[in-house]
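1. below are the sequence and a predicted model; questions follow.
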2 protein chains.
Amino acid sequence: MRKISSLLAGAAALLLPTAAMAGTHDPMALQIKALQDDVAYEIIEGLTTEVGPRQAGTGQEARARDWSVKKLKSLGFQNVRSEPFMMPTWVRGAETATVVAPYPQKLFVTALGNSASTGGEGITAEVAYFDSLDALKAVPDGSLSGKIAFVTHNMHRAQDGSGYSAFGPIRWFGPSIASQKGAAAYVIKSIGTDYHRNPHTGSTGFGEGIQPIPAGALSLPDADNLERMIKLAQKSGKPVSMKLVLTPQNLGQQESGNVIAEVVGRDPKLPMILIACHLDSWDLATGAFDDAAGCGIIAAAAKNIKDHGQPLRTIRLLWAGAEEVGIWGGKAYRDAYRDQPHAIAMESDFGADNVWRVEFALPEAAKAVSDRIAASLLNLGIGRSAGQAGGGADIGPIIADGNLAIIDLQQDGTRYFDLHHTPDDTLDKIDPAQLRQNVAAWTTVLSIIANSDADFTMPVKQ
Amino acid sequence: MRKISSLLAGAAALLLPTAAMAGTHDPMALQIKALQDDVAYEIIEGLTTEVGPRQAGTGQEARARDWSVKKLKSLGFQNVRSEPFMMPTWVRGAETATVVAPYPQKLFVTALGNSASTGGEGITAEVAYFDSLDALKAVPDGSLSGKIAFVTHNMHRAQDGSGYSAFGPIRWFGPSIASQKGAAAYVIKSIGTDYHRNPHTGSTGFGEGIQPIPAGALSLPDADNLERMIKLAQKSGKPVSMKLVLTPQNLGQQESGNVIAEVVGRDPKLPMILIACHLDSWDLATGAFDDAAGCGIIAAAAKNIKDHGQPLRTIRLLWAGAEEVGIWGGKAYRDAYRDQPHAIAMESDFGADNVWRVEFALPEAAKAVSDRIAASLLNLGIGRSAGQAGGGADIGPIIADGNLAIIDLQQDGTRYFDLHHTPDDTLDKIDPAQLRQNVAAWTTVLSIIANSDADFTMPVKQ
């Protein structure tokens, strides 16, 4: 037997690339190969077609975990497992919005995550219009009693997605503020940049001691139409009244879970590389951009490393559960693995369009590594940002806990908020060429950091 | 008094353009002025904001007629009136489509006009897939018993909208064919070219003696997803089953109506110029492109003529009711006015993007008129087509009845079927610059034909 296996090993040595045998990786050769990748697309296609929407805490998300475990095993990853946890679950009900007077017509609305219910009969009330969150904040407590508060905005497309930080607070904090002012309900112009009749959902929350109220998002064309009606009605001193029906429910604690897979390194004592995406999606779409794409990208890149020899460090994949509704998967991961050493954390959760910029949060001692990465990414059209990497939602808890080093491969967000949290986030939005550029960028970075013995320990924060 | 009025007339002669006093119009001067037009946009904004969706036979369409009569009077048109008629009315109910197995997920669907109801419990059945209408036609009668027939297509964007003629039969005739084959229900990939989760509605019909069945359109992303599921399931020999709920209702005969307005000509005995659009829209959107735009364009152009002096011929505006559901307004117009002499009929019902081509169906005797029009439109980037003008839906009946001459100002249809019959047909889709180019083209043509004493009588058809 020994003879035969020696023979086979000899034959394999001839057939396989040298790098595979040596357990080292040529970043530029792998980068070129990754530009032919089909694995990322297969994962996105599978999740969106065979599973579909994957809302956290539902049976659809559980089906996604089963699918993912099977898929990651079939791709040859090690230690593939599903790690369940419990989390509070809110689900959508009926949702309609109708202008009752003076210009009766139906508007397209969707409930924000954690919205209260109007009850089946709905709430019919005068609309109180605000052109900014500051304008809402400025009115006295109690002044919106019995009214539906409506806040608009002026968000524009931006490559770095910065409009979301600027206008996101309208969704995140607006419902609490409106409740404190006495509003019966709250509607917003969707936090997005497209002009389709698809409202953008997303989580909101109510602060301690604040009464939850029904809260919904109108599609952008509908919000603009409502704004025109209000301005026109104001001229004749008429109020605009709306009937809002939102009947979501809280289901209490339900099961979600993380899916984990590994490429075990040659030196398991060296701190590992953590790469993450999230497996859950909102219920309105199949979550191709948000975030089947991220799971496809990181898995395809890690597979490229694995298939060309064992890396020095372990690469761990975290396909997190329940990101959209409170980063429950990221917190569960932190709680489970805070005692294991992590070197660097990375996340892909901003669609599937080209990576345009790389950003680092690495210690000074690893400067040679970041310089090598930046130089290796130029081929892919990726520049180096002067800013500091911030990581992503799912790796946020473990980064904060362990003060981890971070590398961000930042994707072009120009059209991200056209699709974000809408029914339009479907497979057809994936551009295979841009997806492959992502896989190539990730493959390049992983091939460098997973084979580096540099010390990535971050200086203690002041 | 005579002295004073003579004085005023003298002053007016100094202030007003000569053309206005003479009752003639300079096409090129009016064309340039029309490129500043705001009237068309105001009409579209008013109809979409103050009225909204205007489905034929409903109270919303009646509100649109009231709004239109008021608006056309305020613009200074003569003989403005609403002319009611009765027509059969079908209205949408609940509509959901859910893949039950093997890949459970919700799809976005809308009922086709005249669809039968599934009843509230819906129909759950195996999906029988066809990649073309011919493939559906090819199966034996009775072979689809108890199944949901599903037909896809491969429609692409085209400037002349020709994909609609090519693939429209899937909507127009497919339900009847599926019924004859025994299908329990019928779903199609929406007849459209966009990739948003907005299905395209539109009328269908069932031939004499054919049992109406429930018939719906899936959004294009959903249809493609279903197609992927079917192809994947076929590999393992599994059927795909779907639950379809469509609960539309027939309300019987309801009131619709045409709105008519005129610019009375100096010689009322000369056959008039008829210009048309339709006032009704589908219920899913506010009908900006289809067809508030057409009403805005023709009214703005006719106003430009009126404001610069009385034309030789009468220009009559027909804002037709109930076009979408069977051209009832066009038929009512024919029945009411077939005895009045019409010279030329024109219609605007293809959105609000640039006119790119002019097409004529004029008698040989009027060659000088068509040559002058073609030359005058070159400034606006409009070429002359070698084809024969065909008119539009609303003027179809009176053209057929009276063998009328026709001029078509053909609009760029590249994005028309992205929006057609979807919830996305809203005000924001109107490009004001392209809308003005339409008004300028119409103003140019009207200034020539309404002041021409040419004989537009068409040769008798063989």
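-> Noted; the coordinates are in hand. Numbers count the residues shown, from 1 in each chain, chains lettered A, B, ... in the order given.
2. which parts of the stretch 101-250 of chain A sit against chain B?
-> Counting by CB under 8 Å from any CB of the partner chain, the positions of the stretch 101-250 of chain A adjacent to chain B are A:103-106, A:108, A:195-198, A:220-221, A:224-225, A:228-229, A:232. To be clear about C-beta, it is placed using only N, CA and C from the backbone, and glycine gets the same treatment.
3. contact partners for the residue lying closest to A:Ser117 once chain neighbours are set aside?
-> Spatial nearest neighbour of A:Ser117, chain neighbours left out: A:Thr247 (4.9 Å); criterion: CB to CB, 6 or more residues apart in numbering or on different chains. Counting by CB atoms under 8 Å, 6 or more residues apart in numbering or on different chains, A:Thr247 touches A:93-95, A:117-120.
4. quick one: secondary structure of A:His421?
-> coil (DSSP: H, G, I helix; E, B strand; the rest coil).
5. what is the burial count for it?
-> 30 (other CB atoms under 10 Å in any protein chain shown).
6. was I right about it contacting A:Trp282?
-> Yes - the pair A:His421 / A:Trp282 is scored as a contact, 5.2 Å apart, by CB atoms under 8 Å.
7. now the common contact residues for those two.
-> Residues touching both A:His421 and A:Trp282 (CB under 8 Å, 6+ apart): A:201-202, A:290, A:324.
8. quick check, nearest of those residues to A:Glu42?
-> A:Asp290 (18.3 Å; CB to CB).
9. the closest one should be in a strand, yeah?
-> No - A:Asp290 is assigned helix when assessed by three-state DSSP, not a strand.
10. hang on, it packs against A:Asp349?
-> Yes - counting by CB under 8 Å, A:Asp290 touches A:Asp349, with 7.2 Å between them.
11. farthest-apart pair in the contacts of A:Thr247, please.
-> The largest separation in the contacts of A:Thr247, counting by CB to CB, is between A:Glu95 and A:Gly119 at 12.9 Å.
12. any weak-confidence spans in chain A?
-> A:1-23, A:462 (pLDDT under 70).
13. show me where the stretch 151-300 of chain A has strands.
-> A:185-189, A:215-218, A:241-246, A:249-263, A:272-278 (DSSP state E, counting those that start in this stretch).
14. in CSV, list those strands along with mean neighbour count.
-> Formatted as CSV, the strands of the stretch 151-300 of chain A follow (neighbours: other CB atoms under 10 Å in any protein chain shown):
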stretch, mean neighbour count
strand A:185-189, 29
strand A:215-218, 29
strand A:241-246, 22
strand A:249-263, 20
strand A:272-278, 28
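15. can you list these in CSV and add distance to B:Ala386?
-> Listed next are these as CSV, based on distance: least, CB to CB, whole Å:
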stretch, distance to B:Ala386
strand A:185-189, 48
strand A:215-218, 47
strand A:241-246, 53
strand A:249-263, 62
strand A:272-278, 56
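16. residue nearest the centroid of chain A?
-> In chain A, the centroid-proximal residue (CA atoms, centre = their mean) is A:Asp349; its distance is 4.0 Å.
17. thinking again about what came up before, against B:Lys269, how distant is the residue nearest to A:Ser117?
-> Plainly put, A:Thr247 is 65 Å away from B:Lys269 if you go by CB to CB, to the nearest Å.
18. any idea how far the residue nearest to A:Ser117 is from B:Ser370?
-> For A:Thr247, the distance to B:Ser370 - CB to CB - is 61 Å.
19. residues near A:Asp412, how many?
-> Neighbour tally, A:Asp412, other CB under 10 Å: 19.
20. how far does stretch A:54-70 sit from the chain's center?
-> 16 Å (CA atoms, centre = their mean, to the nearest Å).
21. and the helices in the stretch 51-200 of chain A?
-> Using DSSP state H, counting those that start in this stretch, the helices of the stretch 51-200 of chain A run over A:59-74, A:133-138, A:162-167, A:169-172, A:174-180.
22. could I get these as CSV with mean neighbour count?
-> Formatted as CSV, the helices of the stretch 51-200 of chain A follow (neighbours: other CB under 10 Å):
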stretch, mean neighbour count
helix A:59-74, 19
helix A:133-138, 15
helix A:162-167, 17
helix A:169-172, 21
helix A:174-180, 24
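23. export these to TSV and tack on distance to A:Val439?
-> Conversion of the helices of the stretch 51-200 of chain A to TSV gives the following (distance: least, CB to CB, whole Å):
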stretch	distance to A:Val439
helix A:59-74	16
helix A:133-138	39
helix A:162-167	25
helix A:169-172	32
helix A:174-180	38
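24. quick check: longest helix of chain A.
-> Across chain A, the longest stretch assigned as helix under DSSP state H is helix A:432-449.
25. next, the buried residues of that helix.
-> By neighbour count on 16 or more other CB atoms under 10 Å in any protein chain shown, the buried set for helix A:432-449 is A:434-449.
26. the nearest residue to A:Pro212 once chain neighbours are set aside: neighbour count?
-> Once flanking residues are discounted, A:Pro212 sits nearest to A:Ala116: 4.1 Å by CB to CB, 6+ apart. By other CB under 10 Å, 20 other residues sit near A:Ala116.
27. A:Glu227 now?
-> Residue neighbour count, defined by other CB under 10 Å, stands at 19 for A:Glu227.
28. ok, the residue nearest to it when sequence neighbours are not counted to A:Leu133 distance?
-> Nearest residue to A:Glu227 in three dimensions, chain neighbours excluded: A:Thr152, at 5.8 Å (CB to CB, 6+ apart). Distance, A:Thr152 to A:Leu133, using CB to CB: 10 Å.
29. identify the contacts common to those two.
-> With CB under 8 Å, 6+ apart, A:Thr152 and A:Leu133 have no common neighbours.
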